[in-house]
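K.L.:
My questions are about this predicted structure, shown below with the sequence.
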Amino acid sequence: MIQSKSIGSKLFNVVNIILMTVLSISCLYPLWYTFCLSVSSKAAANSGQVSFYPVGFSLASYQQIMGDVQFFRSFLISAERTILGTIVTIVILAIFAYPLSKPVSEYRLKNVVMWIVIFCMLFNGGTIPWYITMVNYGLIDSMIGLILCGGVPVFNLILLVNFYRGLPKELMEAAEIDGAGVWTVLVKIVIPCSVPIFATLILFTSVGYWNEYFQGLVLSSNESHYPLQTYIKQMVVNIQTTSLSMDQIEKMDKLSNKSLDAAKVFIAMIPMLVVYPFLQKYFISGIMLGAVKE
């Protein structure tokens, strides 16, 4: 009996290892393929010869990017948007979620406010009313517009509310007995105890800001204000060969749109790939604890 359990356990471990290996490869392959495509020659990229390794190794795409001033300008815009937007969003969520985590006896409007928030998550007025509102507030071609255009991420708010509910009430009651006010309890008790969920929300929010392109397209009147993802989306369509010099045309003739796009996409992925390992240890505990409702 014990031997059969041991064999079953070993078999499970083998199957589990194989399954995890396959899943890991399926997640890593798109990144590797993008890199291989970015360093392959024009002929190989256009003919679909690239699969598991670069074909006709070439750094022409990266050399072209190094001379693209607008690419780095858009990169800096996205970096600024991501950093400032994440800070603003986390501060709003930290404050907004606290009263919603209280029982109705302490905050009578809790259910009303929560229903309004959820309704706004499920339904919206559409792109045109949203755009008109942004224009009326003067948020076109503005970093503030790129930060505030998304509003409050309700899904993240719900995670944080549920996490706050799971914190020991004795801690907050003890602080209140010692004379601590609402802000003191929030800043010195609740937020320090919520590091896992905040790390998770920072990851969600920063990735969302970095990868978002549509709002940047709508709220920017010219290319010089485009965030990186918006610029990447528009770069091939907006190439005007009539405005290029002969030297630039010769360089573009050596490049494949596929390899150039892949190079810019790969560079755009690097910041999130660098940030994720530092927050990953908090991710599982934060998302699980925040998803459990009392």
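P.N.:
Sure thing, it's come through.
K.L.:
can you give me how far the helix or strand hosting T21 is from the chain middle?
P.N.:
Element membership of T21, judged by DSSP states H and E, is helix 2-38. With CA atoms, centre = their mean, to the nearest Å as the basis, helix 2-38 stands 26 Å off its chain's centre.
K.L.:
before we move on, what about stretch 41-61?
P.N.:
Counting by CA atoms, centre = their mean, stretch 41-61 comes out at 29 Å from the chain centroid.
K.L.:
tell me the SS of G151?
P.N.:
Classification of G151 by DSSP: H, G, I helix; E, B strand; the rest coil places it in coil.
K.L.:
and the gap between it and M121?
P.N.:
9 Å (CB to CB, to the nearest Å). (C-beta placed from N, C-alpha, C; glycine too.)
K.L.:
And those two? Which one has more around it.
P.N.:
Between G151 and M121, counting by other CB atoms under 10 Å, M121 is the more crowded of the two (15 against 12).
K.L.:
wait, isn't the more buried one in contact with F155?
P.N.:
Yes - judged on CB atoms under 8 Å, M121 makes contact with F155 at a distance of 7.3 Å.
K.L.:
helices or strands next to the helix holding T21 in the packing?
P.N.:
helix 257-291 (3 or more CB pairs under 8 Å, 6 or more residues apart in numbering; DSSP states H and E).
K.L.:
which phi and psi does P54 have?
P.N.:
Phi and psi for P54, reported as degrees, to the nearest 10, are phi -60, psi 150.
K.L.:
That one touches C36, doesn't it?
P.N.:
Yes - using CB under 8 Å, P54 is in contact with C36, at 4.7 Å.
K.L.:
Can you pick out the residue with more neighbours from those two?
P.N.:
Using other CB under 10 Å as the criterion, P54 and C36 rank with C36 on top: 22 against 18.
K.L.:
list the contacts for the more buried one?
P.N.:
By CB atoms under 8 Å, 6 or more residues apart in numbering, the contact set of C36 is 50-55.
K.L.:
again, 6 Å this time
P.N.:
The contact partners of C36, by CB atoms under 6 Å, 6 or more residues apart in numbering, come to 50, 53-54.
K.L.:
what does G216 give?
P.N.:
Neighbours of G216 in contact, by CB under 6 Å, 6+ apart: 226-227, 230.
K.L.:
give me that answer again for 10 Å
P.N.:
74, 77-78, 81, 145-146, 149, 225-231, 233-234 (CB atoms under 10 Å, 6 or more residues apart in numbering).
K.L.:
Check R81 too.
P.N.:
143, 145-147, 209-210, 212, 215-216, 227-228.
K.L.:
same deal with F71?
P.N.:
F71 touches 64-65, 226, 228, 231-232, 235, 263-264, 267-268, counting by CB under 10 Å, 6+ apart.
K.L.:
quick one: which of the residues you listed is nearest V182?
P.N.:
Lowest distance from V182 to those (CB to CB) belongs to L228, with 39.6 Å.
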